[in-house]
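Q: Starting from these lines, generate the structure:
(2 chains, ligands or ions: 1)
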Amino acid sequence: MTGSMRLGFHAPETEEELAALVFEAAETRTPLEIMGKGTKRELGHPVGAGAVVSSEGMSGISLYEPTELVMVAKAGTPLAEIEAKLAENEQELPFEPVDLAPILGYAPGDGTIGGVIATNISGSRRILKGAARDHVLGIRAVNGRGEVIKAGGRVMKNVTGYDIGRTLAGSWGTLAMMTEISLKVLPAQRETRTILCFGLTDQTAVEALCIAMGTPYEVSGALHIHADLAARLSDEEIAGARIRSPRSGSRISRPRRAIGPTACARRCSPIARRWNSTANAAKRSGTTSARRCSRTSPIPLWRVSTAPTQAAKLVGNLSRKIDARVVYDWSGGLIWIETPPLTDAGAVDIRRQLAELGGHATLIRADDATRAGIDVFQPLEPQHAILSAKLKHAFDPLGIFNPGRMYRDM
Amino acid sequence: MSPLILPDPDRGVTSRRNDIVKQLKRLVPEATLIADEEGCRTFESDALTAYRCLPLAVVLPSSTEEVSAILRFCHDNHVKVVPRGAGTSLAGGALPLEDAVVLCLSRMNKVIEIDPSNRVARVEAGLTNIAITEAASKHGLFYAPDPSSQIACTVGGNIATNSGGAHCLKYGVTVNNLLGVRMVMMDGEIVEFGGKHLDAPGYDFLPLITGSEGQLGVVTEATVRLLAAPEGSKPILIGFDSTEAAASCVAAIIAAGIVPVAIEFMDRPAIHVCEHFVPAGYPLDAEAALIVEVEGSEDEIEYLLEKIEDIARDFLPTSLRRSQSPEETALIWKGRKAAFGAIGQISDYICMDGVIPLSQLPKALDEIGWICRKYRFDVANIFHAGDGNLHPLILYNANDSVQLERVELCGGEILKLCVALGGCLTGEHGVGIEKRELMYEQFTDEDIDQQVRIKEEFDPSWLLNPGKVFPIEGRDAQRMRSIELTDLGPEVETGVEVAIEAELAEGHEVP
Ligand SMILES: Cc1cc2nc3c(=O)[nH]c(=O)nc-3n(C[C@H](O)[C@H](O)[C@H](O)COP(=O)(O)OP(=O)(O)OC[C@H]3O[C@@H](n4cnc5c(N)ncnc54)[C@H](O)[C@@H]3O)c2cc1C
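A: You can find the predicted model right below:
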């Protein structure tokens, strides 16, 4: 025992420093709140830790090989820095990271790559290119014993040992604190076209999007926006699919034909502008779909993951109970739902639907009192709760990292 | 005789063999149970045929419930279990143990559901890889990971080794295409992970299970993503007069922002063997050849191939040939996919699976050539170049125990080279027993301990596929290092045309 640890804010500059800090925390049983720049601190259950450890002292791109499609960056590297560097070589993060910062009241682009991977929240292009976790090639991290561990590497393929890197994606800093991440990157999508269909019901819109997804045109975005929300954006209801178009002037008639008739669209119009500008202004469409739900006040915002064909039914049933505003992404597989400020933010109704239709819901935004009162993350089945506790134990046996952030008793 | 050892068999278990078999029979009367020596012989090895071991018994269940009953029984009786699909593992991952029951999933081979609207398939784990695409193709959909062994290997085996294939440069490997599994834990508990939705609630167990080589649980069902089949695809075959030129061409294609669906690399020996086996018109005069395939509409294909040809011209190709017909395309791929088999017809081989950063490709191939010459083996290289996953095939005579030891040393040296160049030991075949003792080349004690702790949370008694993946106390590593290279034995006769003579003529020294 080394006595009590210094509380407050820590931003170690090296892996060794971090390891020493965590070791000390483990010895003294001091819980640590793990964060990057803290832009997602208001997401999840508040962590009651006296000491905060930020990755921001460990920042910078350690390796970038455009011809190998790989970038290695320290966990605290700002997302904006990574995206700018990639843009210099006309490359990008394929999963279109969703910048939650503005939704939660922070400046856009502020978050770190560590935070992006730790939360594994991918944007619209996820349906074509995979999730954030799919692009993790390897990690370095410090586990809850204060040991430096690595897994994977910097090459495209790797089954040498268990895939700890991808397992840490989406673990919200509760298993280990990542210090460095190697990522697969891709050439930027150069030319895309967007097909917009207006005046569809939820059901037909999702059907149209699913049909679009079943075409060979490499749909990289499939979004449906409700009338009331679309009105803030334009004056019409929109379902849109973004498709690949590698040559300027390439025709869009075939994909349009595939989607058009089924959708019985009032108007099905191809537009030549980029998807992003179409979806109005935000840099990334995933961000846009989320941000479109947002306002300055913390109106509860949910992120629901389900099978696309269940989406319209889920929203339909839910709408009979509460006044929800929704945006469908991933051809219905992802639904952003804004609920009225009820005490449970609609948790009971949403999760009742999910129990029947399959899927899960995460409360992305709500005020402290609401978040303290309900399960922010989908409550786990008993079996999964046990396995999750075991996984946690394998990395962080003393429960030092982000106690209660995902699940209260873990 | 064989250099790698397996954990000491539990004599308490082997001595109760008859009793265990009897109880298993009573427990799962519907399952196929094989306990006679001849029957077990079929399962004594996987595709790493140098290692063989007769198991205690083999059970082929037909349902998840049976798998659960068998595992619970084995758990309670401290009997080890080796999960097995089709036994095509090249790393000894499905090698039986004397005191273990082999649990072979090949009878669980049903397509449970093809859901074209959500573009997913739910299948039993013993289904062959290719059968998913066969079932999905009527909807214009396909399952992307396409290992060369796809007509035989099972979905469960693919998940356990995170299999890739020729087309994974664009579509990713198994982990990127898996949405859910039904899995039985060693204590018999049945758990579902994931489903038809795209991401996980809470921790994502799928990447942990994928590539865990059957050590965390037995997968009985899988939900996988289906993708829309492309409008069309076409390969181009490019010959080069040096491996450097071919490697640089790969880098240049990617630098130009093109990610072809596949870039396959063949060196001179591989070209010759494949052409001999399947006359696909591979360039016999070249030192290296690339098969680059692109997809899309006719316009797009022509556009991309033109760009690729332009890029390739900078590297002075000896030949450039676009496939002119679907038949020709099929032939080109047939040659590539039959490569291992073709080489297998002329010689025994071990297939390495190291990965390197692409920029190190010329250096890696050069050094691999030298390592093989040092051990006096012929080598053929044929691999997925876009992702740096090398597959040197080292040719040797399996009936010669001296050669077996030497070829393993040779392979080990190649894998160490891959790690030293910034890569890893295995890209898609898994660690198995083959690379177990090399794990410390890539990992520290802490790295391995972390993995072991996960294993122990899932299977505290180490009953599920033990003796694989993790080093057994480095005993062998010690031994392997101490073998003297002076005892090399006679030169290997394999009949493959290699350029060793030429190298010798140029005055390179062969130790
Ligand atoms: C000619 C040839 C070409 C090949 N080409 C490729 C290639 O291109 N790409 C590639 O990735 N691999 C390739 N392989 C390797 C091999 O085919 C793959 O590793 C394949 O995934 C193994 O599948 P299987 O069903 O044969 O599994 P097995 O060999 O039976 O088992 C492999 C591992 O999986 C475990 N396992 C099997 N089923 C289950 C289950 N249901 N639950 C839990 N664990 C299980 C086993 O314990 C073992 O550790 C090739 C092999 C050969 C012989």
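Q: B:L316: neighbouring residues, count only.
A: 11 (other C-beta atoms under 10 Å in any protein chain shown). The C-beta positions use only the backbone N, C-alpha and C, and glycine is treated the same way.
Q: For the ligand, what's its nearest residue on the stretch 1-150 of chain B.
A: Taking C-beta to the nearest ligand atom as the measure, the stretch 1-150 of chain B has B:G85 as its residue closest to the ligand, at 2.3 Å.
Q: now the most centrally placed residue in chain A, what's its secondary structure?
A: In chain A, the residue lying closest to the centroid (C-alpha atoms, centre = their mean) is A:I121, at 0.9 Å. Here A:I121 is recorded as coil under DSSP: H, G, I helix; E, B strand; the rest coil.
Q: nearest residue to it other than its sequence neighbours?
A: Ranked by C-beta to C-beta, 6 or more residues apart in numbering or on different chains and with sequence neighbours excluded, the top spatial neighbour of A:I121 is A:V98, at 4.7 Å.
Q: my guess is that neighbour contacts A:N120, does it?
A: No. Shown here, A:V98 and A:N120 do not form a contact pair, counting by C-beta atoms under 8 Å, at 10.1 Å.
Q: So between those two, which is more surrounded?
A: A:V98 (27 against 22).
Q: Wait, a helix at that one?
A: No. Counting by three-state DSSP, A:V98 is not part of a helix but coil.
Q: Tell me the spacing between it and the ligand.
A: Counting by C-beta to the nearest ligand atom, to the nearest Å, the separation of A:V98 from the ligand is 32 Å.
Q: and that residue, how far is that from B:N176?
A: Applying C-beta to C-beta, to the nearest Å, the value for A:V98 to B:N176 is 19 Å.
Q: For B:V407, pull up the helix or strand it's in.
A: In this structure, B:V407 sits in helix B:401-420 according to DSSP states H and E.
Q: hmm, the following helix or strand past that helix touching chain A?
A: The element immediately downstream of helix B:401-420 (helix or strand, assigned by DSSP H and E) is helix B:439-442. Yes. Judged by C-beta under 8 Å from any C-beta of the partner chain, helix B:439-442 and chain A are in contact via B:M439, B:Q442.
Q: Now tell me what touches the very next helix or strand once past helix B:439-442 from outside.
A: Following helix B:439-442 in sequence order, the next helix or strand is helix B:445-458 (DSSP H and E). Residues outside helix B:445-458 that contact it (C-beta atoms under 8 Å, 6 or more residues apart in numbering or on different chains) are A:143, A:147-151, A:161-162, A:164, A:390-391, A:393-395, B:185-186, B:208, B:215-217, B:439-440, B:462, B:464, B:469-471.
Q: which among these end up buried?
A: A:143, A:147-151, A:161-162, A:164, A:391, A:393-395, B:185-186, B:208, B:215-217, B:439, B:462, B:464, B:469-471 (16 or more other C-beta atoms under 10 Å in any protein chain shown).
Q: ok, and of these, which contact the ligand?
A: Among those, no residue lies close to the ligand (C-beta under 6 Å from any ligand atom).
Q: Might you report the residue contacts of residue 112?
A: I went with chain A, as the question did not name one. A:G36, A:K37, A:S55, A:E56, A:S59, A:A75, A:G76, A:T77, A:P78, A:L79.
Q: nope, chain B
A: Counted by C-beta under 8 Å, 6+ apart, B:I112 has contacts B:R122, B:V123, B:E124, B:E221.
Q: what's the closest non-adjacent residue to the last one?
A: By that I understand B:E221. Nearest one to B:E221, counting by C-beta to C-beta, 6+ apart, is B:R182 at 3.8 Å.
Q: same deal with the third one?
A: Counting by C-beta to C-beta, 6+ apart, B:E124 lies nearest to B:M108, which is 4.0 Å off, once chain neighbours are set aside.
Q: Confirm the one you found sits in a strand?
A: No. Applying three-state DSSP, one finds B:M108 to be coil, outside a strand.
Q: Count the neighbours of it for me.
A: Neighbours of B:M108 (other C-beta under 10 Å): 25.
Q: For B:E367, what is the enclosing helix or strand?
A: Judged by DSSP H and E, B:E367 forms part of helix B:361-374.
Q: so does that helix get close to chain A?
A: No. Against chain A, helix B:361-374 shows no contacts by C-beta under 8 Å from any C-beta, the least distance being 10.1 Å.
Q: Quick one: list the elements packing against that helix.
A: Secondary-structure packing of helix B:361-374 (3 or more C-beta pairs under 8 Å, 6 or more residues apart in numbering or on different chains; DSSP states H and E): helix B:243-255, strand B:378-384, strand B:392-396, helix B:401-420, helix B:500-505.
Q: which of the ones you listed has the lowest average pLDDT?
A: When the helices and strands packed on helix B:361-374 are ranked by mean pLDDT, helix B:500-505 comes last with a mean of 37.
Q: Spell out, range by range, the strands that occur in the stretch 251-400 of chain B.
A: With strands called from DSSP state E, counting those that start in this stretch, the stretch 251-400 of chain B shows them at B:262-267, B:288-295, B:319-322, B:348-351, B:378-384, B:392-396.
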